[in-house]
Structures are given as structure tokens and as C-alpha cells.
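J.: return a 3D structure for these sequence lines:
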Amino acid sequence: MICCRWSPLLLISLTMCQMPDPPYPMTGSIEVLDEALRALVPADARLEILSEGHQWTEGPLWIPDGDFLIFSDIPPNRIYRWREDGGSEVFLEPSGYTGTAVRGGEVGSNGLTLDHQGHLVLAQHGDRRIARLTQPVFGSPLPEYGTLADRYDGKRFNSPNDLVYHSSGALYFTDPPYGLEMNMADPLKELDFQGVYRLAPDGTVKLLESGMSRPNGIAFSPDESTLYVANSDPDHPVWMAFDVLEDGTLGSGRVLFDASHLVAAGRSGLPDGLKVSPAGILFATGPGGVLVLTPVGRHLGTLMTGQATSNCAFGNDGSVLYITADMYLMRVRLSTAGAS
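T.: Alright, predicted model coming up:
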């Protein structure tokens, strides 16, 4: 089912989505490949379905000041807010495409993050830019956006996908073609590569990597010495680890984990969004659900969602992992703490 009607006003809608009543229904399973997973995920952990009926969920982000989670639903061009005491409701509309011409494809926002001033920063597929909400996200924002970056070398981005801030204030982001209506074959595609970029605090955009076929999820190691980038290509489904140099550019890259065997086994999904705990453990969405990887690429196990899984985020006190997977928002409680 499609939850929520389109709002005729480009404001916050209070139309409610289908929300399971607590206790929430359980789904999936926990696959343990290494006993080290036991210290990270409780033995009795289960995936809870918090919201359903969406089209393709992405970009979960915990908002500490508001004590709620927001996430993108890309095809209908919306961001939803989920609260424990209120379920899911449309929070921002439009979220990724603010034009007036009718177009198809994945038009909404994808990855979401907060800048150092607490403003929401979005990877907008439809507008093909990195944008910033003009009001603090924990208030009652209107969908008014300012452009932080929309071009490299005078050419429009493909469709920025995921993003992460460095402590220097620089924003790192990926730019695959998924938001273009015809993907790689779209006549509006201006760049002949898919890039990883750095947006400096002064607004300068620098291309860091152009050799990945489908760069997608992106995250730093806790000490920011390594940048992890997922490649969501069925022919090369890997997570790369790049050395971060003193000037903020990237050094040599190496394959952290190759999921080709999982794709060949028929598991749903490809390397996508990821988050890294303060202990350096990667929670990386990919074939089967959320893979739990060590900093050296040892696969400890998988949170098996049963769905193609797009992204995840730590929330609450950091001991809850929220997961976006196909039409669902899910969560699982952890034994370890992430960065909420």
C-alpha cells in the first residue's frame, strides 16, 4: 500500500502512515559467523518493524534535540519523521526535487546529515545537488533549501547519494547516477564518471575519486584516518577503504570486503549505506541486510532483514540501530554503543 497522500501545501503534513502498534512485529534473523558478534548484538536481538507501506526508504538520521528519527522515502519525494509515541508522519515535502516539470525516477532526497550548526543537509536526487534546509530540523521547518554544491568543473552532478561531515567542516559525498530518470543512459548526464567529492567549508568542490563504478554509502573511521565507500555494482559489490591525507584528499584505496559471494548466493541488496561505531565496527547495508564488519574486513555476521536494505543509523543513546529496508523502517537493539 502507499501510505499518506500528497500534501497540496509544501508544508509538514500530519497524515499518519501505517504504524504497527507496540509491541512491534518482529522480522528477519541474526546470522552469527564469528563469536565476536555476541559482544555487539544481544543473543535475543530481533528486528522490529516500526513503519511500513513506504516505497523505498533511505537516509535514516536520529535528531537528538527532538528525540526522533527522520528518513527519506525517495520515489514520492518525501522525508518522514518517526517518534516512539507518534509513529511516522510526513515531515518534509518536497525533499529532493523542487522543480515544476513532471518527471519520473528517484526524485526525492537520499542521504541526510546535520551540519555543525544543526541544520539538515541533504543529498537531493531530483535537484542533483547538496542542499541545506534553511531552518533547524528539530523545529517546524518549511521545505526551503539553499544550494551548497550542484556542479563540478561547471558540469551538473549526476545525483548526490550519501554524505558525511569531517571534523574540519568539510563534507564528503558520493555521486552515482541513480536519481537520473534513465540512469547511465540519461541524456541529461553531464559527467562521464561517478565521483566521490569533498566540499570544503569555503564552498570549493574537489573530486577525490572517479574510478568507482557506483559509489554509494560513505563513512569515516572514528579517527578519520580512513574513508569507507560502498560500491553498489552487482558486478563489483565491494566496500572500499581509502586513506585520508592531511590535506583532506584520499590516498590509496583497498577493498575492505568483497560481497560477490553473497550476491551470487542470491541475497537481496548491494553495498549501500553504512555507519561506523566509536569502536570502529562497520554496520554496512548490503546483500542480506546489515553486515557487521571489523576495521580489517572480517565479517562477523549479518542482521538479516529479508529485504533489500538501503541504510542504517545509530539512535537514542547509541545502542539502537535504525534500518531502512525497501518499504520498511526497522530497528534492532545493540550491546554496543554507536554515535547517536
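
J.: so for the chain, which residue is the most central one in space?
T.: Note on the chain: the residue nearest the mean C-alpha position is residue 59, at 3.5 Å, using Cα atoms, centre = their mean.

J.: that one reaches residue 312, doesn't it?
T.: No - at 10.2 Å, residue 59 and residue 312 do not qualify as touching, with contact defined as Cβ atoms under 8 Å. Heads up, the C-betas are built off the backbone N, CA and C, glycines and all.

J.: what is in contact with the two at once?
T.: Common neighbours of residue 59 and residue 312, counting by Cβ atoms under 8 Å, 6 or more residues apart in numbering, are 273, 324.

J.: circling back: what about the stretch of helix or strand the residue nearest to the centre of the chain belongs to, distance to the chain center?
T.: Using DSSP states H and E, residue 59 sits within strand 57-63. Remark: strand 57-63 is offset 7 Å from the chain centroid, using Cα atoms, centre = their mean, to the nearest Å.

J.: quickly run through the sheet partners of that strand, with directions.
T.: Looking at strand 57-63 with DSSP bridges, its partner strands are strand 68-73 (antiparallel).

J.: could you give the separation of the following helix or strand past the partner strand from the chain centroid?
T.: Next in sequence after strand 68-73, counting helices and strands by DSSP H and E, comes strand 78-83. Relative to its parent chain, strand 78-83 has a centroid offset of 14 Å by Cα atoms, centre = their mean.

J.: buried set for the helix or strand that comes right after strand 78-83?
T.: Going down the chain from strand 78-83, the next helix or strand is strand 87-92, by DSSP H and E. For strand 87-92, the neighbour count (16 or more other Cβ atoms under 10 Å) marks 87, 88, 89, 90, 91, 92 as buried.

J.: and strand 87-92, C-alpha only, in CSV?
T.: Provided in CSV are the C-alpha atoms of strand 87-92 (Å, rounded to 0.1, in the frame of the first residue of the first chain):
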residue,chain,number,x,y,z
GLY,A,87,4.7,6.7,14.6
SER,A,88,5.5,8.0,11.2
GLU,A,89,4.3,11.2,9.5
VAL,A,90,5.3,13.3,6.5
PHE,A,91,7.9,15.7,7.8
LEU,A,92,9.2,17.5,4.6
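
J.: confidence score at the closest residue to residue 284 other than its chain neighbours?
T.: Of all residues not flanking residue 284 in the chain, residue 274 sits nearest, at 3.9 Å (Cβ to Cβ, 6 or more residues apart in numbering). Looking at residue 274, its pLDDT is 98.

J.: could you shift the numbering so residue one becomes 39, and keep it that way?
T.: Sounds good: first residue 39 from here, last item residue 312.

J.: so where do the strands sit in the stretch 89-238 of the chain?
T.: Per DSSP state E, counting those that start in this stretch, the stretch 89-238 of the chain carries strands over the ranges 95-101, 106-111, 116-121, 125-130, 147-152, 157-162, 167-174, 183-187, 189-190, 193-194, 201-203, 209-213, 233-237.

J.: and the fourth one, what's its mean pLDDT?
T.: Just to be clear, that refers to strand 125-130. Average pLDDT, strand 125-130: 93.

J.: what is that strand packed up against?
T.: strand 85-89, strand 116-121 (3 or more Cβ pairs under 8 Å, 6 or more residues apart in numbering; DSSP states H and E).

J.: part of a strand, is residue 299?
T.: No - using DSSP: H, G, I helix; E, B strand; the rest coil, the assignment for residue 299 is helix, not a strand.

J.: can you tell me how far it sits from residue 325?
T.: Distance of residue 299 to residue 325, computed by Cβ to Cβ, to the nearest Å: 9 Å.
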